[in-house]
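*Asks:* I'd like to go over a predicted model; first the sequence, then the structure.
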Amino acid sequence: MSKKSSDNRSELLAGLGQEFRQLATATILFHQAIADRLGMHVTDHKCVDILLGTGPITAGELAQRTGLTTGAITGVIDRLEKAGFVRRAKDPGDRRRVVIEPFPEKIEREIAPLFKSIARLMADLCTQYSTRELAVIRDFIARFHQGAYEEIRKLREGDGQPEREAAPENRQRDSRTS
């Protein structure tokens with residue numbers, strides 16, 4: 001690999017990292033705006049999304065997926081139940097357990113319309129890429145989110161300590177402040 005192409009790759013990778021940070025911020029703020037529009041907490045809104053993906057699960061399972069305490073999840077479920085997005089129901093497999101069931105029809109009617117404009121934006125962006133490029137983008141995003149969930153698990157379980165070594169662009173600055 002030539003020096004020029006190596007420099008270009010380094011610049012591209014640095015730019016990609018910056019774009020991911022900005023995407024993460026925009027995504028969080030977008031979901032906060034959705035939650036604000038619905039009069040809910042952003043955590044409640046994302047719990048609805050989790051429940052749509054999983055179907056009925058216990059409060060403990062929802063707490064585990066989110067990293068929230070069971071006490072905090074109880075508050076989330078109370079608010080979602082009051083808003084009519086979920087209900088507590090007996091687990092058909094074990095009547096002693098309670099599961100949280102989402103109401104997909106209500107969610108589709110009240111929450112999904114708020115995503116229409118961003119869905120159009122995504123569809124418009126996708127027209128600019130070939131099928132092959134879209135497959136690469138999808139693969140990258142899928143691998144990234146799987147890796148992100150693993151990093152979340154490590155942080156929550158204390159398996160991985162944050163790396164103490166500064167990123168290359170911060171090494172010189174860090175050494176001056178020590």
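*Replies:* Noted; the coordinates are in hand.

*Asks:* in this structure, which spans are helices?
*Replies:* Per DSSP state H, the chain carries helices over the ranges 3-38, 42-54, 59-66, 70-83, 104-110, 116-126, 131-157, 168-177.

*Asks:* To Arg95, which of the ones you listed lies closest?
*Replies:* For the helices of the chain, the distance to Arg95 is smallest for helix 59-66, at 16.1 Å, taking CB to CB. No exception for glycine: its C-beta is placed from N, CA and C like everyone else's.

*Asks:* If you count neighbours, what's buried in the closest one?
*Replies:* Along helix 59-66, these residues count as buried under the neighbour rule (16 or more other CB atoms under 10 Å): Ala59, Leu62, Ala63, Arg65, Thr66.

*Asks:* wait, what's in contact with Val42?
*Replies:* Ile28, His31, Gln32, Ile34, Ala35 (CB atoms under 8 Å, 6 or more residues apart in numbering).

*Asks:* Name the nearest residue to the fourth one, sequence neighbours excluded.
*Replies:* In space, not counting the residues next to it along the chain, Ile34 is nearest to Leu114; the distance is 5.2 Å by CB to CB, 6 or more residues apart in numbering.

*Asks:* how far away is that neighbour from Glu108?
*Replies:* From Leu114 across to Glu108, the span is 11 Å (CB to CB, to the nearest Å).

*Asks:* which of those two has more neighbours?
*Replies:* Neighbours were counted for Leu114 and for Glu108 using other CB atoms under 10 Å; Leu114 has more, 15 against 11.

*Asks:* okay, now Leu80: neighbour count?
*Replies:* 23.

*Asks:* sorry, that was for Pro92
*Replies:* Around Pro92 there are 9 residues (other CB under 10 Å).

*Asks:* same check, this time on the one 3 residues further on
*Replies:* Around Arg95 there are 8 other residues, counting by other CB under 10 Å.

*Asks:* Look up how far Phe103 lies from it.
*Replies:* 22 Å.

*Asks:* same for the longest strand along the chain, what does it pack against?
*Replies:* In the chain, taking DSSP state E as the definition, the longest strand is strand 94-102. Secondary-structure packing of strand 94-102 (3 or more CB pairs under 8 Å, 6 or more residues apart in numbering; DSSP states H and E): helix 42-54, helix 59-66, strand 86-91.
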